[in-house]
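Undergrad: just a sequence and a predicted model for now, questions to come.
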Amino acid sequence: MSQLETIRTAADYLRARLPEAPEFALVLGSGLGGLADRIENPVYIPYGEVPGFPLSTAPGHAGQFVAGRLAGRAVLCMQGRFHYYEGHDMAAIALPVRVIKALGCRALILTNAAGGVNYDFSVGDFMLITDHINFMGANPLRGANEEEIGPRFCDMSRVYDADLQKTARTVATEKDLTLREGVYLGYMGPSYETPAEIRAFRTLGADAVGMSTVPEAIAASHCGLPVLALSLITNMAAGMTGKRLSGEEVIEIANRRGPVFQDLVEGIVAALA
Ligand code: HPA
């Protein structure tokens, strides 16, 4: 099957099961999964039921679409995402984004848990991603290009939509939440970085580091889907404190700050033009 056929088959399947056409799509990272519980009249579609979709295996990630109304808006949420470190190829990570575009969504909100690289940040902070560095050593656009999806050489100068960023800033201010801003560096994982890597990444201009989001943002840019991306800083990156890093700590902080992060994202959805 061509990429285009795979996208259309998955989109047709979802369209038949969705209560209405979604206006916005969200990828719920660690700590944000609970946002799906705020959806009115939710319809759950496990990824495994969607033709062409792989299964998600990462801990803390449920692996299903949740569709319905959030803050009065028709949304399609991904509760759990596909990570490169799980062994999925980049095409599998790009597929849901392309399906979201095919379903007619007007914007994609990407969220994640990330390590703070910028010394001004603290654990529990929220960061608006203003740009990224792809340090994953792979690109979802590698291989044959289908012009109907997007161009062979895709501009990456404005991945993170200026209007969406403005909305996020306004909502954070209204909610009296500090919204940090910065560059997210995508790292392949699944090992965390070494202190030397974190020092190098800071020199390169990174403010936060994580193992997701970049492939999805590239795929979204390629197919012309505006992106807003937000990080929850669950830990300071390797070597920045005396502490060692653990996945449990990341999940604990994600769960603790999750409800406030969810308030912010729900507020943004409510305020979207
Ligand atoms: N590094 C990479 N990914 C992460 C981190 C980190 O420190 N924290 C949460 N996700």
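TA: Now that the structure is in, tell me what you want to look at.

Undergrad: make it CA atoms for all contacts and neighbour counts henceforth
TA: Fine.

Undergrad: using the three-state scheme, assign the spatially most central residue of the chain.
TA: Geometric centre of the chain, nearest residue: Leu110, 2.8 Å, by Cα atoms, centre = their mean. What DSSP: H, G, I helix; E, B strand; the rest coil gives for Leu110 is strand.

Undergrad: got it, and the one 4 residues further on?
TA: Secondary structure of Ala114, reduced to three states by three-state DSSP: strand.

Undergrad: what bridges to it?
TA: With DSSP bridges as the criterion, Ala114 is bridged to Ile233.

Undergrad: let me see the contact set for it.
TA: 208-211, 231-235 (Cα atoms under 8 Å, 6 or more residues apart in numbering).

Undergrad: same check on Ala168?
TA: Neighbour list for Ala168: 128, 268 [criterion: Cα under 8 Å, 6+ apart].

Undergrad: now the strand or helix carrying it: buried residues?
TA: Following DSSP states H and E, one finds Ala168 within helix 162-174. Residues of helix 162-174 classed as buried by neighbour count (16 or more other Cα atoms under 10 Å): 164-165, 167-172.

Undergrad: tell me where the protein has helices.
TA: Remark: helices assigned in the chain by DSSP state H are 3-17, 90-102, 162-174, 195-204, 214-223, 247-271.

Undergrad: which of these sits closest to the ligand?
TA: Smallest distance to the ligand across those (Cα to the nearest ligand atom): 5.8 Å, for helix 247-271.

Undergrad: give the buried residues for that closest one.
TA: Buried positions in helix 247-271, judged by neighbour count with 16+ other Cα under 10 Å: 250-251, 253-255, 257-269.

Undergrad: by contact count, what packs against it?
TA: Counting contacts by 3 or more Cα pairs under 8 Å, 6 or more residues apart in numbering; DSSP states H and E, helix 247-271 packs against strand 64-70, helix 162-174, strand 227-236.
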